[in-house]
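> Build the 3D model from these lines:
(chains A and B)
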2 protein chains.
Amino acid sequence: MSRTKIIPAAQGAHDYPLLIKSLLLSGVRYQPDQEIVYSDKFRYNYRDLLERVNRLANMLSAAGVKAGDIVAILDWDTPRYLECFFAVPMLGAVLHTVNVRLSPEQIAYTMNHAEDSVVLVNDDFVPLLSDIGYKLKTVSCYIQLSDGESVQSELPTLGEYEQLLAQASNHYVFPDFDERSVATLFYTTGTTGLPKGVYFSHRQLVLHTLNTLGAFGAYQGLPLLRSDDVYMPITPMFHVHGWGIPYVATMLGIKQVYPGRYEPDDLVRLHQKERVTFSHCVPTVLQMIINSDASKKADFSGWKVLLGGSALTLGLARQAAGRGIQVHVAFGMSETCPVICAIHLTAEELALPMEAQLPQRIKAGIPVAMVDLKILDATGQWAPHDGKSIGEVVVRAPWLTQGYLHDPQKGSELWEGGWLHTGDIASIDPNGVVEIKDRIKDVIKTGGEWICSLSLESLISEHPAVASVAVVAIPDQQWGERPMALIVCKSEQRLSRKQLVDYLEQYVHQGIITKWAVPREIFFVTEIPKTSVGKINKKQIRAEAEAIRKQHG
Amino acid sequence: MSRTKIIPAAQGAHDYPLLIKSLLLSGVRYQPDQEIVYSDKFRYNYRDLLERVNRLANMLSAAGVKAGDIVAILDWDTPRYLECFFAVPMLGAVLHTVNVRLSPEQIAYTMNHAEDSVVLVNDDFVPLLSDIGYKLKTVSCYIQLSDGESVQSELPTLGEYEQLLAQASNHYVFPDFDERSVATLFYTTGTTGLPKGVYFSHRQLVLHTLNTLGAFGAYQGLPLLRSDDVYMPITPMFHVHGWGIPYVATMLGIKQVYPGRYEPDDLVRLHQKERVTFSHCVPTVLQMIINSDASKKADFSGWKVLLGGSALTLGLARQAAGRGIQVHVAFGMSETCPVICAIHLTAEELALPMEAQLPQRIKAGIPVAMVDLKILDATGQWAPHDGKSIGEVVVRAPWLTQGYLHDPQKGSELWEGGWLHTGDIASIDPNGVVEIKDRIKDVIKTGGEWICSLSLESLISEHPAVASVAVVAIPDQQWGERPMALIVCKSEQRLSRKQLVDYLEQYVHQGIITKWAVPREIFFVTEIPKTSVGKINKKQIRAEAEAIRKQHG
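Purely as a prediction, here's the structure:
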């Protein structure tokens, strides 16, 4: 470490910690009369938000919550959730945003693993918690979140949120404490193993918010989020704090619209009624919205939608653009708070017609400020940023999870070599634009090189006889791994292995793929295994490779 | 301190320090081809900036600069200065931005006090340093900054900046280090005592930059600084890092225009030629620009000018607005990095005609995010934010100097009670808008109350016979202090003490001032003592009160 000059502070000098409460106070100061809307249920302003956060702090303190305790919430996207985003960490406690889409067993596992003490639960999840309540070892009590009459519950509940809030004092003095105190905690689920807990400190969330505000607000070409926007999240608040945007929106003091449970028709209706200008979601949800009945009569012009979580296809981007939606892409993951890359088009690119902009708009964008991002190739070397070379995206930034809760081993694997390994394979072009190519677990590692399963699938899918295709890695004694392809042919179409190999050989000759990329094993099947959310289930295909060989070989 | 949850990081987890280098890398990534212009001398792009910063780091290392060393610069506003803003702190060294407007004795004092080692000096200041060089105890060598042929110098110089830069390698790997390392150092001069050194860490400058970017960029009503702006500073870079804006501009990657030495006609010419859209300066400089010859033919429409440093009068604001200039005010001081307040108009205010907006635009604005700001009344109590009550502005924020260099006593006075005392008296209205009323040293403390000398001067100046007026506090056995007024009457006008007292008594009856505010002593003089920059010299008036009594009593 360099011997830099560090001067002791004068007596009395205030060493200002980066705490979430500052974000809330900013919004209240800037736009005290701006609205926060809960679907068609109620609306209030930022002064009310501050008062409700104060009341919530008193209510939680009365429920026994102390600094360091874990408070869990199971709710749809509501202003209550937003209040918990602030009040719980501002008390010095930790907000566990429970992923309500997990199985009951997984939910019980995460709540025990997190050591939740007080639990705020939407009526819709009371039956679930009643079922698994006996398994929860650390929970002391529950607070019910009801939108009307509360459901009957055998859980030891203290009462209903709004009623308890009304009884609590509206005055609370939030203490200062170490900015490295954990503020939030939630679980990420891969296709393998138990859910893993990631956690973020006040410092990290403040820095993520300040930086995202600059990245989304100050760039004139493609402004995403400014003080006159109307914001409606369509990424669940339990998922990486709604991508961290509720904190940004609150700091800005903008109008926020919380839709409750996501129903495509309701979302469209709310969008139209409240004149929403900015949302974020995964591509599947955007597709559902566009396909919804209510969408047919809706005017989406000027709606900025930030997409992430999985690849945005050119087709969906085009469909959205056709409806007047401005699509933007950001890149990140649960471990990264999440924003590490966001779209940035040059003035020249922005001058192009939208159709010509789309190929650039569906990429992962460039690293936002304060983010160091590189790609590591198959041999562990830094890959050049030439737009062709691929490598695993590794990253450093001030807001990345510093490990996995209670799992130092997995934490040190995540941070191998001092860089957070995203598990994504990408190229970076000379302008810094990142293009995600594959997941590292799906890449075929052959002869010291990486072959992207997605690129290979893309090439094969262009063959006129192919309806759908999956490429996975199978072990190979000589090369480590080789690709295996499952192909569903279009009805009435025939394709032989030789024909497909010949088709791919032309790309080998053109230098587009290496000869190792031509699948050694090709099977024609009637269906490709999919996951519950409709993705190709490569894990299942790899596991069943032997059976596939027997059946189709 | 609360027992919050702090989780040890996983092995290998990168604890990302907030360092200035991240700001530079952001700008280079966002707009690599954007220009940085040095008057009509040369221009280069952000890729060049990064390369030149690398070269400068090598050049300084070769000159013996190590982490913790103090590097001084005496220059006008140039890209060289910008390069030093980055390269010197990025080495872990400290940049002392020498105030070239101080007297030679004061400059020698500050350079010795700071313990400068290597000094970068513009040719214009070589004679000055040659004169005082023998007094400088810690300087090891000089680097000359020449815009043409270097001037002859007897100083031990290593050579000329551009020549040394050209010889240096363009590759440098900047180390990580503690974010609390001091990055910059400069001196603030009050009307009394020796210059005092204030200093800012990497952490503070990064946070000031991120926050200012959000405050100036994301608010739609009054955007000050966005990626398509063209920036030209007109506050010297030695003065609180040009109000910190060069860091913001570089992070954004915008076009920057450095004017060298400020000459009003040159500034206007550069403004027109480079299509500058954003600048900042003190009101006097704006007045000089508007009054300049070149200004008469200039088109200033759309020029956003941020004013600070002293009060913007309605008259100048009106004059500027008449020329199409959008005036904005921010508030801060050397000790505060500096931005702590900035203009924020509501949508309703922005809808008014410009003339009606001006009274709001000339106020200090509202505290920006992350800033806690209050007013302390004469009795040491928090004064209410009612727009009437006044008190001393005290502040907390993540970027305030943590003391004065080598002066723990003055540092602890600055931070008395854990709040930084600005020495400014202000009111805060219910919307949070701060209005500066007076300096605390000029306020009249009488009978446990504060009377603003400026408010009293304003009332007296409205009397038709009064040409100019100064009000100062004089000691009073019974009340502590009472006001004394010096008045210059308009030619051909007569005014008696009784007439003035009667005139003021009406305001007492109306409740606008207290009866203690009516000056006990009133003297009619022919001239009011002024400072070198044209301000009323209240210190001198107070010191000469006895002589004034004798002469005019």
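
> Residue A:324 and residue A:312: what is the separation?
Distance from residue A:324 to residue A:312, counting by CB to CB, to the nearest Å: 17 Å. From N, CA and C alone the C-beta is placed, and that goes for glycine too.

> On the pLDDT front, check residue A:190 for me.
Note for residue A:190: predicted pLDDT of 67.

> that older thread, neighbour-wise, which of residue A:324 and residue A:312 wins?
Between residue A:324 and residue A:312, residue A:312 has the larger neighbour count (other CB atoms under 10 Å in any protein chain shown), namely 23 against 13.

> Determine the three-state secondary structure at that one.
coil (DSSP: H, G, I helix; E, B strand; the rest coil).

> can you count the residues close to the nearest residue to it once chain neighbours are set aside?
Sequence neighbours aside, residue A:362 is the residue nearest to residue A:312 in space, at 4.6 Å (criterion: CB to CB, 6 or more residues apart in numbering or on different chains). Neighbourhood size, residue A:362 [other CB under 10 Å]: 23.

> ok, residue A:362 touching residue A:314?
Yes: in terms of CB atoms under 8 Å, residue A:362 counts as a neighbour of residue A:314; the distance is 6.0 Å.

> The stretch 251-400 of chain A against chain B: which residues are in contact?
With CB under 8 Å from any CB of the partner chain as the criterion, the stretch 251-400 of chain A meets chain B at residues A:251-252, A:344, A:366-370, A:372, A:396-398, A:400.

> These in helices, which ones?
Judged by DSSP state H, those include A:251-252 as members of helices.

> Just the buried subset of the residues of the stretch 251-400 of chain A next to chain B, please.
A:251-252, A:344, A:366-370, A:372, A:396-398, A:400 (16 or more other CB atoms under 10 Å in any protein chain shown).

> Extract the residue ranges of the stretch 301-450 of chain A that are flagged as low pLDDT.
For the stretch 301-450 of chain A, no stretch is flagged by pLDDT under 70.

> Poorly predicted segments of chain A, please.
Residues of chain A that meet the cut-off, pLDDT under 70, sit at A:1, A:190-192, A:532-533.

> May I see the domains of it written out as residue ranges?
A:44-198, A:262-440, A:443-552 (automatic domain parsing).

> could you dump those domains to CSV with distance to residue B:490?
Compiled in CSV, those are given as follows (distance: least, CB to CB, whole Å):
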stretch, distance to residue B:490
domain A:44-198, 50
domain A:262-440, 57
domain A:443-552, 83
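
> where do the strands sit along the stretch 151-300 of chain A?
According to DSSP state E, counting those that start in this stretch, the stretch 151-300 of chain A carries its strands in the segments A:157-160, A:182-188, A:196-201, A:230-231, A:255-258, A:278-281.

> for these, which one sits closest to residue A:87?
Residue A:87 lies closest to strand A:182-188 among these, at 11.3 Å (CB to CB).

> mind listing what that closest one pairs with, with the direction of each?
strand A:94-97 (parallel), strand A:196-201 (antiparallel) (DSSP bridges).

> and the ones you listed, which is most packed in?
Among the strands paired with strand A:182-188, the stretch with the highest mean neighbour count (mean count of other CB atoms under 10 Å in any protein chain shown) is strand A:94-97, at a mean of 26.

> returning to what we had before: out of the domains of chain A, flag the one nearest residue B:107.
The nearest among those, by CB to CB, is domain A:262-440 at 35.9 Å.

> can you map out the strands along the stretch 1-150 of chain A?
Using DSSP E, counting those that start in this stretch, the strands found in the stretch 1-150 of chain A span residues A:35-38, A:42-45, A:70-74, A:94-97, A:118-122, A:141-145.

> In strands, which of the residues of the stretch 251-400 of chain A next to chain B appear?
A:366-367, A:372, A:396 (DSSP state E).
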